[in-house]
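Trainee: Can you look at this prediction? I've put the sequence above it.
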Amino acid sequence: VGARLFDDHVELIVSDTGIGLSELEQTKLFDRYFRAEGVRQSTIHGSGLGLTISRDIVRRHGGDLVVSSALGVGTTFTASIPRAR
């Protein structure tokens with residue numbers, strides 16, 4: 001978990017070294033009810049709404065939430081939010 005401060009925005013970063021996500025999964029990750037294959041085959045419960053809601057909250061504050069991932073390497077989520085003036 002980390003943060004970076006820029007002149008016009010703040011970035012909140014959450015990274016892991018887990019199994020990662022395929023390119024196809026990354027394109028669908030913020031779709032309502034989408035659950036990645038690795039999660040569907042596990043005992044992790046969920047409805048697939050958390051990332052959709054999280055991105056909506058960040059966007060309502062004028063920012064965006066993006067993902068970067070590589071299979072077998074891990075995943076990084078970055079929320080970029082404008083700084084208050």
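Mentor: Sure, I can see it. Numbering: from 1, shown residues only.

Trainee: next SSE after the longest helix that the chain contains?
Mentor: Ordering each helix of the chain by length in residues (DSSP state H) puts helix 50-60 first. Next in sequence after helix 50-60, counting helices and strands by DSSP states H and E, comes strand 64-70.

Trainee: How far off centre is the helix or strand immediately after that following strand in the chain?
Mentor: Following strand 64-70 in sequence order, the next helix or strand is strand 74-82 (DSSP H and E). Chain-centre distance of strand 74-82: 6 Å, with Cα atoms, centre = their mean, to the nearest Å.

Trainee: Neighbouring strands of strand 74-82 in the sheet, and parallel or not?
Mentor: The pairing partners recorded for strand 74-82 under DSSP bridges are strand 9-16 (antiparallel), strand 64-70 (antiparallel).

Trainee: wait, which of these is closest to I81?
Mentor: strand 9-16 (5.3 Å; Cβ to Cβ). For every residue, glycine as well, the C-beta is placed using N, CA and C.

Trainee: List the buried residues of that closest one.
Mentor: Neighbour-count burial for strand 9-16 flags L12 (criterion: 16 or more other Cβ atoms under 10 Å).

Trainee: how far off helix 50-60 does it point, in degrees?
Mentor: 170 degrees (axes from the mean of the first three to the mean of the last three Cα atoms, to 10 degrees).

Trainee: Next secondary structure element downstream of strand 9-16?
Mentor: helix 23-28.

Trainee: Which positions in that next one come out as buried?
Mentor: E25, Q26.

Trainee: average pLDDT across it?
Mentor: Helix 23-28 shows a mean pLDDT of 88.

Trainee: Let me know the pLDDT of H9.
Mentor: Listed pLDDT for H9 reads 97.
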